[in-house]
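J.: got a sequence here, can you model it:
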Amino acid sequence: MTFRRGLRFLPYLVVAAILLSALVTARANNPAPAPHPRFVNITRSAGINFVHNNGAFGAKYLPETLGSGVCFIDYNNTGRQSILLVNGEDWPGHPLHRYPTTMELWRNNGNGTFTNVTRQAHLNVPMYGMGCAIGDYNNDGCDDIFVTAVGQNHLFRNNCNGTFTDVTKQAGLWGPKDFSTSAAWIQATRDGLLDLVVANYVKWSPKTDIYCTINGKTKSYCTAQVYHGESLTFWRNNGNGTFTNVTKQAGLYDPNDKSLGIAVADFNNDGWPDIAVSNDDEPNKLYINNHNGTFTSEGVTAGIAYSGSGVARSGMGIAAADYNHSGYPSLVITNFSNQMLSLYQNQGNGLFINLAPHSEIGRASLLTLGFGCFWFDYNLDGWPDLFVANGHIDPGISAIQPQVHYAEPPLLFENLGNGKFANLTKQMGASFNKPRVARGTAFADVNNDGAPDLVITTNNGPAALFLNEGETNNSLEIKLVGVESNRDGLDSTVRVRAGGMTQSEMLTNGGSYLSSSELILTFGLGRYKKASLVEIDWPSGHRDFLRNVAANQLITVKEGVGIIARKPLNRRGTW
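T.: The predicted structure follows:
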């Protein structure tokens, strides 16, 4: 009797089994999307305790609001990215007479910790530092450091033994007492030598400081509008360890500039590096390389100089990338609060269109004041995503504009690959979302797991290092070694094909704000386990092809030779 009753339920059991089998098959063929990777704050466990000093003591000098920058550098050629954090110092007349503060170099120990080696590296040089740029200007295989400052910039030659020498005077860079901000190395003439372009802000010194006030009672920080501007400076590398100022000859001189950010990219896809500059309350600039050591200013005709209503915005940070796989790099520029970001999509015909007002990027950034920014493929799906560091310049801004805050959370926009972006900031956790008075920011793969990590500086506050955890997509990292081109391979364009998708990126430094990211290219490959083709166009004109390159490795490619080293990426994410 019991057996017969059981037979009555057999058809239902068969149907259930079929449905369960179909569900399992469907999930196997269409797996649930993996959770987003997260950025985990490892600053304390890494041992990093840097705190920026802006020198403020009540005088409210203009430079106090703007610093500082950060650069990643493999200064000792260990294959690990160390961190250079630029610092200010006390102004003359500061009543506290604090212990002198300098920039700090934090060595990556390769085990999850960093050590302050500033003194050992001979970088404990007093200055009111602003930003930094990394490049091998003398082609000896060891990356050098250029530091921008208020008063005197400095060039530090890497001695290839863990120490640096200040060669500013010997290099011919001593003398200009500018208020410099960002800088970038560029192989402008494709002669194998790295030239140097330096952004300068305004004519300012403690003696010429202007009194500004918001409430009519107390002094407040001035904006750039009340000061005269300063031109970019372009230093030509003479090939003998010295540089010559050729700003006017190169067509880059404009004394009205108030420049804060520099991005190098091949905007017209002709194989030559061009220069884009973000200006504060002055038109942004786009300089197209004429192939003869000169540039033509095309910012106005290209459509990046002004807002849609014809107004010069307060441009801060800047970054370039081929975010839509068009083969042409587009631009993002961070602006003042109530101005939103500018997302200039490169149309490939010399024109750019600002898509921010119709994008989540514009809506989410309307009330924030953006500084550092960069494109990076944080989830390794093959589409460059956008990170922006935010923070206002006026501690009392909320009393005047309640909806605007002094400390602000960052913004992380996922590139959805269809021309749209998703704001993932809140999904990254409380530490990532913590409001900061952020300024410089850069990215690098600090634990060699194939996923880019990031660092943020705060004005008159601590730096924060975030580790990218939880990513399961594949990636390919490429380090370049130039022969006829500069040793770092800067301004080389690399194209990577995986499946039906082709990514394109030029290796540059600079960008963001006062900062530089690692000089290694990371390409997300999604679920593909190899790149079917890697094409490298070197500044010398030489072209290398690599076929069927396996994913999840760092390859070192030498110009004209091919792959000379391979290093597996630690996909487990452990140090």
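
J.: Phe156 and Thr165 touch, don't they?
T.: Yes: using CB atoms under 8 Å, Phe156 is in contact with Thr165, at 6.8 Å. C-betas here are computed from N, CA, C, even on glycine.

J.: more neighbours, the two?
T.: Phe156 (24 against 13; other CB atoms under 10 Å).

J.: now do the SS call for that one.
T.: strand (DSSP: H, G, I helix; E, B strand; the rest coil).

J.: with Ile304 instead?
T.: Put simply, Ile304 is coil when judged by three-state DSSP.

J.: just give the number of residues close to it.
T.: So Ile304, with other CB under 10 Å, has 27 neighbours.

J.: who's in contact with it?
T.: Going by CB atoms under 8 Å, 6 or more residues apart in numbering, Ile304 touches Ala276, Asn284, Leu286, Leu331, Ile333, Ser342, Tyr344, Phe352.

J.: and the first one, what element?
T.: With elements delineated by DSSP states H and E, Ala276 resides in strand 274-279, which encompasses its position.

J.: just the C-alphas of that strand, formatted as CSV.
T.: What follows is strand 274-279 as a C-alpha-only set of coordinates in CSV (Å, rounded to 0.1, in the frame of the first residue of the first chain):
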residue,chain,number,x,y,z
ASP,A,274,50.5,65.6,-27.3
ILE,A,275,49.8,67.6,-24.1
ALA,A,276,46.5,68.6,-22.4
VAL,A,277,46.5,71.0,-19.5
SER,A,278,43.8,71.8,-16.9
ASN,A,279,43.7,75.5,-15.9
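
J.: neighbouring strands for that strand, and are they parallel or not?
T.: strand 259-265 (antiparallel), strand 285-289 (antiparallel) (DSSP bridges).

J.: beta partners of the residue nearest to Asn153 when sequence neighbours are not counted?
T.: With sequence-adjacent residues excluded and distances taken as CB to CB, 6 or more residues apart in numbering, Asn153 is closest to Ser180, at 5.4 Å. Following DSSP bridges, Ser180 is listed with bridge partners Asn200.

J.: all strands of the stretch 451-575 of the chain, in order?
T.: Along the stretch 451-575 of the chain, counting by DSSP state E, counting those that start in this stretch, strands occupy 453-458, 464-469, 474-481, 493-498, 501-506, 521-526, 530-537, 543-550, 553-558, 562-568.

J.: so how far is Asp257 from the residue nearest to Asn256 when sequence neighbours are not counted?
T.: Nearest non-adjacent residue to Asn256, counting by CB to CB, 6+ apart: Gly229, 4.6 Å away. Here Gly229 is placed at a distance of 5 Å from Asp257 (CB to CB, to the nearest Å).

J.: now do the contacts for Ala133.
T.: So Ala133 contacts Cys71, Ile145, Phe146, Thr148, Ser182, Ala183, Ala184, Trp185, Leu196, Asn509, Gly510, Ser516 (CB under 8 Å, 6+ apart).

J.: which of the helices or strands spans it?
T.: Ala133 belongs to strand 129-135 when assigned by DSSP H and E.

J.: next SSE downstream of that strand?
T.: Downstream of strand 129-135, the next assigned helix or strand under DSSP H and E is strand 144-149.

J.: and that next one, how far out from the chain middle?
T.: Relative to its chain's centre, strand 144-149 lies at 16 Å (CA atoms, centre = their mean, to the nearest Å).

J.: what's the angle between that strand and strand 154-158?
T.: For strand 144-149 against strand 154-158, the angle by axes from the mean of the first three to the mean of the last three CA atoms, to 10 degrees is 160 degrees.

J.: just checking, what packs against strand 144-149?
T.: Applying 3 or more CB pairs under 8 Å, 6 or more residues apart in numbering; DSSP states H and E, one finds that strand 144-149 contacts strand 129-135, strand 154-158, strand 180-186, strand 195-200.

J.: adding distance to Gly461, write those strands out as a markdown table.
T.: Shown next, in a markdown table, are the helices and strands packed on strand 144-149 (distance: least, CB to CB, whole Å):
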| stretch | distance to Gly461 |
| --- | --- |
| strand 129-135 | 16 |
| strand 154-158 | 24 |
| strand 180-186 | 19 |
| strand 195-200 | 23 |
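
J.: any chance of those in CSV, plus distance to Glu360 and mean pLDDT?
T.: Compiled in CSV, those are given as follows (distance: least, CB to CB, whole Å; pLDDT from 0 to 100):
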stretch, distance to Glu360, mean pLDDT
strand 129-135, 29, 98
strand 154-158, 41, 98
strand 180-186, 27, 98
strand 195-200, 29, 98
